[in-house]
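Student: fold the following.
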Amino acid sequence: MRSIFRGIPDAAVTSAALLLAFGAALRLKEFGLDDGIVVLTVALTLTLARVQRGASPRRRLLGLAVLPVVAVATSGVGWLLFRHLAIGGPLFALGVGAAIWVRRFGPVATAAGTLATLPFVAVLITPVAPGSGGARFLWAAVAALIAFLSVAVCQLAAARVGLVRSATPPTAPPTASAPRPPTATGLAVSDRMACQMALALGAAFLVGRLEFPDHWSWTVLTAFIVCSGNRGRGDVVHKSVLRIAGAAAGVVLATSLAGVFAPGDPASIAAVLAVLAVASWLRGLSYAYWAAAVTAVLSLLYGYYGQTGADVLVTRLEAVVVGALAGVAASWFVLPVRSGDVARRRTADALAALTDVLSAFRGHDPAQLVAERARFDDSLVRLDEIAAPFRAHRTLSRTLRRAAPHPADALDALRACAEPVGALAVLPVPPEPGLAVRAKALTANVVAVRRALGRRPGPPRRALPAPSPHGPAPAHAALDRIDDALQRLTAVHGHPPPPTAQPQDRDPAQRTS
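Tutor: Numbering: from 1, shown residues only. So this is what the prediction gives:
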């Protein structure tokens, strides 16, 4: 039950930001603007609230610098989308692709690129062009500023009173890892993701314009959603399935609400905000809830502007399916990123962090142990980001055939280490010879699993020595639980290959003269 209610505080903060931005955007209509400025502001607020959650002051300042500038440029692209789609479509695809490509230049560029995509998404969600005349570009910047301030005020106030977490403090610097092997194409992952996104959006614009001239934005939005944050081909397929399932549920929900609100009814806007609030809460449980809510919200918005009818909803669902297929095709056949490679990389990072946790524990350094535990927890969060597709594939494969070790088992095993690692970080453990010996042996087992993961030769994983009868039982129990998890990892990845015998170690009779 705790996991169901865990997202309520963040959802409440997002809802407060939406209400604040909505109220401020309504005042902008006094300057002769249409409803597009309101929808644009709310859409920017909704997407920004998720990206800026727990952000540091530096990250927020980056958003303040990037959002208004990109919003102005995107406003011009949005105007072209509504009036000259043949020009606006390619510019949109290239703009989003460029925002992904800049991630190759480091964390700051990655954050800036992520923020830069938000106005592009908002343009797709907005059913009418914001503003009119040359001033539309400046009003887009004002909408971005309203969204930024609404999110910043609500999130910082909530963090101040302890309702949500504040900016994550810096942890110990990560240990150096082996350089990543070059891909077969020689391109960075961000380069491949940018190419996939640009081609998926281009295909979605083309097919959407030809097959769904009045609903092409649904095709493009779906292609963007399933390709964004690409963590491998399996992740894209998984999001596509959830997007289609959620869209189908959203169509049913929107159909049931179709006769409740008349076009132009202000109550439909209140329904939109309510659905978004619930969706922000349920998104952590499954992306399907979010997909259903987005479909329902867009249907309500379009209904507000007079586009209703069951036939329209069915057409939108068809557009969603086509957009999902465009995203899957691009990620699967164009410079693909293998899900297994992503999982191995993140598993290796988590095991490296676990090695540092055990080293700090053996050195009896409480401050360092707390810092290394935080870094290990961060690595588990990155594993959780990719776990859902693997778990779904495991369920499907074990339904169809005999159970066998699966990569999802390795992810679950590492997640099971969170509690014992946390126990080690808070136990007041004095130096004890037997405990130090077992911790050293456990460290060697972690190294063995890391070598097996990288297919590097080394000694196999071995059983831990028996705990000393007078040692601290909770610490020994935590070490045993971590070793049990390593045993499950070994079942998935095997033992490292044996070291190659050196010439001086061979039998003299086998040496050549």
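Student: what lies in contact with stretch 265-274?
Tutor: Contacts to stretch 265-274, defined as Cβ atoms under 8 Å, 6 or more residues apart in numbering, come from residues 15, 18-19, 22, 42, 257, 261, 297, 300-301, 303-304. For every residue, glycine as well, the C-beta is placed using N, CA and C.
Student: buried sites along it?
Tutor: Under the neighbour-count criterion of 16 or more other Cβ atoms under 10 Å, stretch 265-274 has 268-269, 271-272 buried.
Student: got it, and stretch 18-30?
Tutor: Residues of stretch 18-30 classed as buried under the neighbour-count rule (16+ other Cβ under 10 Å) are 18-22, 24-25, 28.
Student: mind putting these into a markdown table with secondary structure, pLDDT and distance to W139?
Tutor: Listed next are those as a markdown table, based on DSSP: H, G, I helix; E, B strand; the rest coil; pLDDT from 0 to 100; distance: Cβ to Cβ, whole Å:
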| residue | secondary structure | pLDDT | distance to W139 |
| --- | --- | --- | --- |
| L18 | helix | 88 | 19 |
| L19 | helix | 89 | 21 |
| L20 | helix | 92 | 18 |
| A21 | helix | 90 | 14 |
| F22 | helix | 88 | 16 |
| A24 | helix | 90 | 13 |
| A25 | helix | 87 | 10 |
| L28 | helix | 83 | 7 |
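Student: what's the closest of those to A141?
Tutor: Closest to A141 out of these is L28 (11.9 Å), distances taken as Cβ to Cβ.
Student: which one is that closest one nearest to, not counting chain neighbours?
Tutor: What sits nearest to L28 in space, not counting adjacent residues and going by Cβ to Cβ, 6 or more residues apart in numbering, is I37, at 5.2 Å.
Student: check the gap between that neighbour and A122 for me.
Tutor: As judged by Cβ to Cβ, to the nearest Å, I37 and A122 stand 11 Å apart.
Student: out of the two, which sits in the busier spot?
Tutor: Here I37 and A122 are set side by side on neighbour count (other Cβ atoms under 10 Å), and the busier one is A122, at 28 against 25.
Student: hang on, A198 packs against V96?
Tutor: Yes - with contact defined as Cβ atoms under 8 Å, A198 counts as touching V96 (7.0 Å).
Student: who has more neighbours out of these two?
Tutor: Applying other Cβ under 10 Å to A198 and V96 shows that V96 carries more neighbours, namely 26 against 23.
Student: just the element for the more buried one, please.
Tutor: V96 is part of helix 85-101 when elements are defined by DSSP states H and E.
Student: for L46, same thing?
Tutor: In the assignment (DSSP H and E), L46 maps to helix 36-51.
Student: and that helix, how far out from the chain's middle?
Tutor: Here the centre of helix 36-51 is set off from its chain's centre by 19 Å, with Cα atoms, centre = their mean, to the nearest Å.
Student: swap in stretch 109-128?
Tutor: Once both centres are worked out by Cα atoms, centre = their mean, stretch 109-128 turns out to sit 15 Å from its chain's centre.
Student: average pLDDT for it?
Tutor: Stretch 109-128 shows an average pLDDT of 82 in the prediction.
Student: now it: buried residues?
Tutor: So stretch 109-128, judged by 16+ other Cβ under 10 Å, has buried residues 111-127.
Student: which of the buried residues of stretch 265-274 lies closest to G208?
Tutor: G208 lies nearest to V272 out of the buried residues of stretch 265-274, by Cβ to Cβ, at 23.4 Å.
Student: just want the angle from the strand or helix carrying that closest one to helix 36-51.
Tutor: Per DSSP H and E: V272 is located in helix 266-282. Angle between the axes of helix 266-282 and helix 36-51 is 10 degrees (criterion: axes from the mean of the first three to the mean of the last three Cα atoms, to 10 degrees).
Student: ok, then the element right after helix 266-282?
Tutor: Next element after helix 266-282 (DSSP H and E): helix 287-304.
Student: so for the helix or strand following that following helix, mean pLDDT?
Tutor: Read in the C-terminal direction, the helix or strand following helix 287-304 is helix 310-333, with elements assigned using DSSP H and E. When the per-residue pLDDT values of helix 310-333 are averaged, the result is 86.
Student: angle of helix 310-333 against helix 287-304?
Tutor: With the same axes, to 10 degrees applied, the angle from helix 310-333 to helix 287-304 works out at 140 degrees.
Student: ok, and for helix 310-333, which residues are buried?
Tutor: 312-313, 315-331.
Student: show me what contacts P9?
Tutor: 158, 163-164.
Student: what angle do the strand or helix carrying it and helix 266-282 make?
Tutor: P9 is located in helix 8-28, with elements delineated by DSSP H and E. In this structure, helix 8-28 runs at an angle of 150 degrees to helix 266-282, with the same axes, to 10 degrees as the basis.
Student: run the chain-centre distance for helix 8-28.
Tutor: 23 Å.
Student: doesn't V334 make contact with C195?
Tutor: Yes - shown here, C195 and V334 form a contact pair, counting by Cβ under 8 Å, at 6.0 Å.
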